[in-house]
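Trainee: Got a predicted structure here, sequence first:
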Amino acid sequence: MDLELRHLRIVRAVADAGSVSKAASLLGLAQPALTAQLKRIERLLGGTLFERDRHGARPTRLGELVLARARVLLPAAKELQEEAVRFAHAPSPGFRIGATNGPILGGLVDRLATERKVSTYTSWSARELNGMVEMGRLDYVLTGACGDSGTPTGTLLWETISLDPVFCLVRDAHPVAREKEVELADLADEQWAVTPGDGCFADCFAMACARSGFTPGTIYETDVPTCVHLAQVGRAVVLCQATHQAAPGLTMIPLAGAPLRWRQLLGRHPTAPEAAWVVAQAKQAHMDAVRRSPVYSDWLVRNPGYGTAP
């Protein structure tokens with residue numbers, strides 16, 4: 001016989017009532033039946049739980065241990081049951097999407113919200129978001145990885161939404177701002193800004209710089225508004241996804257030869273709702289972002305093999 005919640009309820013009832021007879025009355029049982037059950041529980045737990053005499057029943061040291069656990073487990077079990085009932089009868093939560101910094105989340109939410117309720121959670125950490133999907137706290141995660149890295153490991157199911165080059169943002173007055181594209185080596189003396197992440201992008205950037213013959217200077221790892229500001233005041237060149245929409249005062253320029261590439265990925269829980277439709281909407285959102293970027297659209301004409309995944 002295994003220990004069950006009903007056994008803990010009996011132990012708690014006897015302790016709260018102070019005697020087996022009073023506990024039996026409260027539980028609606030005959031005293032002999034409750035006494036027999038209590039003995040079976042004591043055999044299961046390996047010792048006496050109560051010292052009983054004409055004054056009532058008092059917990060033994062083992063009884064105190066069991067009671068301490070019971071007073072935690074029983075309310076927790078009740079709360080779990082109530083929460084499960086509420087969840088089962090609640091309206092559909094819709095799509096729960098997590099995302100790192102990226103230019104297509106807004107478009108995806110806009111498309112999904114035409115059919116279902118959408119909630120979002122953003123983080124710089126793809127690992128955090130992946131874990132939340134694995135635990136069932138999110139349905140989908142929109143994230144990315146360096147072009148040559150593998151698909152994330154774990155229990156999630158993954159779709160490639162796009163393969164994009166990494167471009168750079170410079171202020172309009174920058175010497176290269178009127179160029180069609182720029183060699184990475186021509187930016188060797190610059191400071192850099194990039195949004196944070198827990199993937200391999202920093203290492204890939206360092207290797208790309210090494211292949212171009214230089215070691216990058218200061219790299220500001222910060223949020224999007226700060227990256228934009230540093231570029232606008234001429235403090236840094238910003239590395240950005242090609243679908244990024246340049247802010248006023250900034251020009252987006254392709255890096256010659258696409259030395260850095262970025263894959264947009266959509267991961268999902270195995271039970272995520274309407275997976276095929278959500279994947280299709282993510283790809284459409286990416287296509288929309290490409291159409292809004294004349295620089296990227298023009299670049300794609302000259303560089304087939306990139307853009308939205310088929």
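Mentor: Received, thanks.

Trainee: can you give me the strands in the stretch 51-200 of the chain?
Mentor: For the stretch 51-200 of the chain, the strands defined by DSSP state E, counting those that start in this stretch occupy 56-59, 95-99, 118-122, 140-146, 157-171, 192-194.

Trainee: Name the helix or strand for the closest residue to Gly107 other than its chain neighbours, please.
Mentor: Computed as CB to CB, 6 or more residues apart in numbering, the closest residue to Gly107 that is not its neighbour in sequence is Ala285, at 3.4 Å. C-beta coordinates here come from the backbone N, C-alpha and C atoms, glycine included. Following DSSP states H and E, one finds Ala285 within helix 275-291.

Trainee: Ala280 is in contact with Arg111, correct?
Mentor: No: Arg111 is beyond contact range of Ala280, at 9.2 Å (criterion: CB atoms under 8 Å).

Trainee: And the helix holding Ala285, what's buried?
Mentor: Buried positions in helix 275-291, judged by neighbour count with 16 or more other CB atoms under 10 Å: 275, 278-279, 281-290.

Trainee: which regions of the stretch 1-150 of the chain lie under the pLDDT threshold?
Mentor: Counting by pLDDT under 70, the stretch 1-150 of the chain contains low-confidence ranges at 1, 86-93, 150.

Trainee: ranges for the helices of the stretch 101-250 of the chain?
Mentor: When secondary structure is read from DSSP state H, counting those that start in this stretch, the stretch 101-250 of the chain shows helices at 105-112, 126-134, 201-211, 224-232.

Trainee: Would you mind pulling up the elements that the second one packs against?
Mentor: Applying 3 or more CB pairs under 8 Å, 6 or more residues apart in numbering; DSSP states H and E, one finds that helix 126-134 contacts strand 95-99, strand 140-146, strand 261-268.

Trainee: One more: the longest one?
Mentor: Applying 3+ CB pairs under 8 Å, 6+ apart, one finds that helix 201-211 makes contact with strand 192-194, strand 219-221.

Trainee: from the ones you listed, which stretch is densest packed?
Mentor: Comparing the helices and strands packed on helix 201-211 by mean neighbour count (mean count of other CB atoms under 10 Å), strand 192-194 comes out on top with a mean of 22.

Trainee: what's that one packed up against?
Mentor: Helices and strands touching strand 192-194, as assessed by 3+ CB pairs under 8 Å, 6+ apart, comprise helix 201-211, strand 219-221, helix 224-232, strand 237-241.

Trainee: Distance check, Met207 against Gly147.
Mentor: Here Met207 is placed at a distance of 12 Å from Gly147 (CB to CB, to the nearest Å).

Trainee: So between the two, which is more surrounded?
Mentor: Higher neighbour count among Met207 and Gly147: Gly147, with 16 against 13, using other CB atoms under 10 Å.

Trainee: among the helices and strands packed on helix 126-134, which is nearest Thr243?
Mentor: Ranking these by distance to Thr243, with CB to CB as the measure, places strand 261-268 first at 8.6 Å.

Trainee: Return the distance of that closest one from the chain's centre.
Mentor: Between the centre of strand 261-268 and the centre of its chain there are 14 Å (CA atoms, centre = their mean, to the nearest Å).

Trainee: picking that back up, which one of the strands of the stretch 51-200 of the chain lies closest to Tyr306?
Mentor: When the strands of the stretch 51-200 of the chain are compared by CB to CB, strand 157-171 sits nearest Tyr306, at 5.4 Å.

Trainee: Relative to that closest one, what are the paired strands and their orientations?
Mentor: Here strand 157-171 is paired, per DSSP bridges, with strand 237-241 (antiparallel), strand 250-254 (antiparallel), strand 261-268 (antiparallel), strand 307-308 (antiparallel).

Trainee: Check which residues of the second one are buried.
Mentor: For strand 250-254, the neighbour count (16+ other CB under 10 Å) marks Leu250, Thr251, Met252, Ile253, Pro254 as buried.

Trainee: so what's the last one bridging to?
Mentor: The residues listed as beta-bridge partners of Pro254 by DSSP bridges are Phe167.

Trainee: re earlier: from the buried residues of helix 275-291, which single one is nearest Lys22?
Mentor: The nearest member of these to Lys22, counting by CB to CB, is Ala275 at 56.8 Å.

Trainee: For Cys168, which non-adjacent residue is spatially closest?
Mentor: Nearest residue to Cys168, sequence neighbours excluded (CB to CB, 6+ apart): Val237, at 5.1 Å.

Trainee: Give me the distance between that neighbour and Arg171.
Mentor: Taken as CB to CB, the span from Val237 to Arg171 is 9 Å.

Trainee: So which of the two has more stuff around it?
Mentor: Neighbour tally, Val237 and Arg171, criterion other CB under 10 Å: the higher count belongs to Val237, 24 against 18.

Trainee: Let me see the confidence value for the more buried one.
Mentor: Looking at Val237, its pLDDT is 97.

Trainee: Check whether it really touches Val170, as I assumed.
Mentor: Yes: using CB under 8 Å, Val237 makes contact with Val170 at a distance of 5.5 Å.
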